[in-house]
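> Sequence first, then the predicted structure:
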Amino acid sequence: MTVSRTDPTLTRLQRRLQAHPARHKIISQHPPMVATMRLGIRLANVGLLALLGLSEFSAGATLTYPGAAPCDDTLQACLDGAAAGDIVELATNAPIDEDLAITKSLTLRAADGFAPVIGGGADERSVDVCSFFAPVTAPISVALDGLRFDLTAVRCALAFDRPQHRLTVRNSTFRFVKDASGPPILDFSLQSAADIVIERNVVEFALDHNAVPAIRIIAAIAADADINVSDNRIASTGAGVQISGRDASTLLATVNRNRITASEPANSGIGIEFSFSDGGSYSAAALGNVIYGVGGCNCGRNSGIHITTPNFTGEASFTVTNNTIAATEAGAQGLLAVLQGTGDLALEVYNNTLSRIGGGGFRIENYGTGTLAATAGANNSFLNGSRDIFLNVEPFTNLASDPLFVDEAAADYRLRAGSPLIDAGVDDPIGGTTELDAEGDLRRSGAAIDVGAYEFAVAGPVLFLDRARFLGATGATTESWRYVKGSPLDSYRSGNVEFDAIAPSTLNFDEWPADFPADNDIELAINGNEDLDISLVAGFTYAMGIDFDDASGGSTPSTFEITVMTGEAELARFQFDTPQALEQNYIGVWAREPFNRLQIRESSAANENEFFGTVSTSQRPLPRTIFSDRFDSAR
């Protein structure tokens, strides 16, 4: 039987009724939890809160701290005095240097206009979000939203036979840095049913060794757990995310679209780790993550993604799809799976790119005596430190292509135009994929899904014909230098910009009447048709603009075609007519993808001059919200 991962708000009964044998791609929107289970595992989302009408969004009063009683003393007194279901807003920027315990359903969040800090003193602090000893008999929902935690750990020790808990940590910043040992910054130990959501947080975690993960979630002894860790930015000396299970009843875990790296170079172990032992039914998925610079520890399992099943007797499925793992330390693996025990296992590995891994890209070792169903497709293993290893498992047939990242040295692992990974993935991988890529864009934008965490060219560039709007929107600054009079027969270099007229046209720099803002009264005209290439000598840009003037305002406007190029690959093409006016104009292009050349061609020419001035560029990518017609609204 095949059971699908679906909406995390479904109850256990609803999840089981939804089970069916068809294997298919499932896409959910929020949170994006996507995969397909195998091996007859009955994965029931422990959604008792939804069944009973209790959730983090339950209506309640809103209390302000500091404020009126009970919020006029310590924050703990405020939390104790609040009723179940209330919202406590922190309207202070001063550090709240106290330990906290939340024993009822509450939302603790920042008030509008404030950035409250929990901790911030010399001593470690903690926020306990599970009622280990409190006499609680009803389900509990606790949410932490928009807070800052400084040397403060959020933890949950949920004892056996406790009521259902839903714990949400989102939109918060964590900093836990000390030259000594310490606890994980988010540490959840579950022996009863729980839903865990950790999303859109920024985590900086650094201890004096790498045995402690930044985020640790353990489910044990018949616990039902539904775990979603998504869209976080994590820098850690230990593992970024570690999810473990031991004799759990069911565990459903999705680690999705996170960006994970080492907080200290050469001192980090693992990006994502799944470790399941003894009995239980498990599904774990790593989808669309970007992991780089990890693996500096001498811990025997250093890798981008680590999967292990010591003494395993249950059923488990692991999905590893559309991840980018790059630039790990020497000896580290990209994907390391050590499969053991007598249980039944499935391993589904699709559309990942592993580039410049210090050790091997893939190392899959199967020591188990149970059933292993391993499937793979469209994975890329490029320029890694050693060969891929497959022990007692059919080797993967991998690509071995340079992914053409935008800027690997700067950890920009998006794809450039012309990358062989564009449209090279498997559209419907076993286990599924996500609706959005690592940057929040649509997962599929071309003929097929791309390999790796990022999808290429999901939003077309925008053409600007107004100087002030272009500079204001992009933050572009001057890239070219002041020009020198002359008529070079070949190309002309100015700063990091190169001009090249297309023969038979030639360049002509002189004191033309355009007189653009902040220039030295020397502008560029083209002898012949205005056919011009403007290129960067080195590097790429996301925005490029140039002062432009059809100064004569002749009776017949010229028609220009602008082609945006990344190397020899075309990114976009625009066409516009010059206005019949004496006003100065502008040509500016802003893109989501990097480019390094504008090709300007006068396709329908009037017998008159147009002039070109200063070139400006920006490294700011075009936001996902773009103008629907791909032109600036004030053209």
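Thanks, I have the structure now.

> What ranges does this protein have for its helices?
Ranges of helices in the chain, per DSSP state H, are 12-18, 48-52, 75-81, 467-474.

> Least reliable of those by average pLDDT, please.
Sorting the helices of the chain by mean pLDDT places helix 12-18 lowest, at a mean of 30.

> Which parts of the stretch 1-150 of the chain are strands?
Assigned by DSSP state E, counting those that start in this stretch, the strands in the stretch 1-150 of the chain fall at 62-65, 86-90, 95-96, 100-101, 106-110, 117-119, 125-128, 140-145, 148-150.

> In CSV: these, plus mean pLDDT.
Output for these, formatted as CSV (pLDDT from 0 to 100):
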stretch, mean pLDDT
strand 62-65, 98
strand 86-90, 98
strand 95-96, 97
strand 100-101, 97
strand 106-110, 97
strand 117-119, 98
strand 125-128, 97
strand 140-145, 96
strand 148-150, 98
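
> With only the CA atoms kept, save stretch 439-450 in CSV.
Provided in CSV are the C-alpha atoms of stretch 439-450 (Å, rounded to 0.1, in the frame of the first residue of the first chain):
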residue,chain,number,x,y,z
GLU,A,439,14.2,30.9,-3.6
GLY,A,440,10.4,30.7,-3.5
ASP,A,441,9.9,30.6,-7.3
LEU,A,442,7.8,28.1,-9.2
ARG,A,443,9.5,24.7,-9.2
ARG,A,444,9.0,24.2,-13.0
SER,A,445,9.3,27.0,-15.4
GLY,A,446,10.5,25.4,-18.7
ALA,A,447,10.2,22.2,-20.6
ALA,A,448,11.0,20.1,-17.5
ILE,A,449,12.1,20.6,-13.9
ASP,A,450,15.7,21.7,-13.4
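
> Would you mark the buried spots in it?
Going by neighbour count (16 or more other Cβ atoms under 10 Å), the buried part of stretch 439-450 is Glu439, Asp441, Arg443, Arg444, Ser445, Ile449, Asp450. Yep, even glycine has a C-beta here, placed from its N, CA and C like the rest.

> ok, now stretch 376-396?
376-382, 384-385, 388-390, 393, 396.

> repeat for stretch 522-533
Ile522, Glu523, Leu524, Ala525, Ile526, Asn529, Glu530, Asp531, Leu532, Asp533.

> cool, and stretch 587-607?
Neighbour counts over stretch 587-607 (16+ other Cβ under 10 Å) mark 587-602, 605-606 as buried.

> Kindly report the same for stretch 60-79.
Across stretch 60-79, burial judged by 16+ other Cβ under 10 Å covers Gly60, Leu63, Tyr65, Cys71, Leu75, Cys78, Leu79.

> Identify, from these, the entry nearest to Leu465.
Using Cβ to Cβ, Tyr65 is the member of the buried residues of stretch 60-79 that lies nearest Leu465, at 51.4 Å.

> tell me which residues form a beta bridge with that closest one?
Leu90 (DSSP bridges).

> Renumber starting at 57 from here on
Got it, first residue is 57 now, which makes that one Tyr121.

> Verify the stated contact: it with Asp129.
No: with contact defined as Cβ atoms under 8 Å, Tyr121 does not count as touching Asp129 (9.5 Å).

> Most widely separated two among the buried residues of stretch 116-135?
Using Cβ to Cβ, the buried residues of stretch 116-135 span at most 17.4 Å, a distance reached by Gly116 and Leu131.

> Centre of the chain to stretch 421-437, how far?
Between the centre of stretch 421-437 and the centre of its chain there are 26 Å (Cα atoms, centre = their mean, to the nearest Å).

> circling back to that earlier point, let me know which of the strands of the stretch 57-206 of the chain is the nearest to Ala628.
Shortest distance between Ala628 and the strands of the stretch 57-206 of the chain, using Cβ to Cβ, is found for strand 196-201: 38.9 Å.

> Specify the angle between the closest one and strand 142-146 in degrees.
In terms of direction (axes from the mean of the first three to the mean of the last three Cα atoms, to 10 degrees), strand 196-201 departs from strand 142-146 by 20 degrees.

> Report the distance from strand 196-201 to the chain centre.
That offset, for strand 196-201, works out to 24 Å (Cα atoms, centre = their mean).

> same for that strand, what does it pack against?
Contacts defined by 3 or more Cβ pairs under 8 Å, 6 or more residues apart in numbering; DSSP states H and E place strand 196-201 against strand 162-166, strand 221-226.

> Now tabulate the ones you listed in TSV and tack on mean neighbour count.
Below are the helices and strands packed on strand 196-201 laid out as TSV (neighbours: other Cβ atoms under 10 Å):
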stretch	mean neighbour count
strand 162-166	23
strand 221-226	24
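
> Pipe those into CSV and attach distance to Ile283 per row.
Shown next, in CSV, are these (distance: least, Cβ to Cβ, whole Å):
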stretch, distance to Ile283
strand 162-166, 20
strand 221-226, 10
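
> thinking Trp568 is in contact with Glu579, fair?
Yes: the pair Trp568 / Glu579 is scored as a contact, 4.4 Å apart, by Cβ under 8 Å.

> ok, Arg313 touching Gly344?
Yes: Arg313 is in contact with Gly344 according to Cβ under 8 Å; the separation is 4.5 Å.

> Compare these two (neighbour count), which wins?
Higher neighbour count among Arg313 and Gly344: Gly344, with 31 against 26, using other Cβ atoms under 10 Å.

> can you pull the contacts of that one?
Asn312, Arg313, Thr377, Asn378, Asn379, Thr489, Thr490, Leu492, Asp493, Ala494, Arg499, Ala509 (Cβ atoms under 8 Å, 6 or more residues apart in numbering).

> Now with 10 Å, please.
Counting by Cβ atoms under 10 Å, 6 or more residues apart in numbering, Gly344 touches 88, 90, 286-287, 311-314, 377-380, 407-408, 489-495, 499, 508-511.
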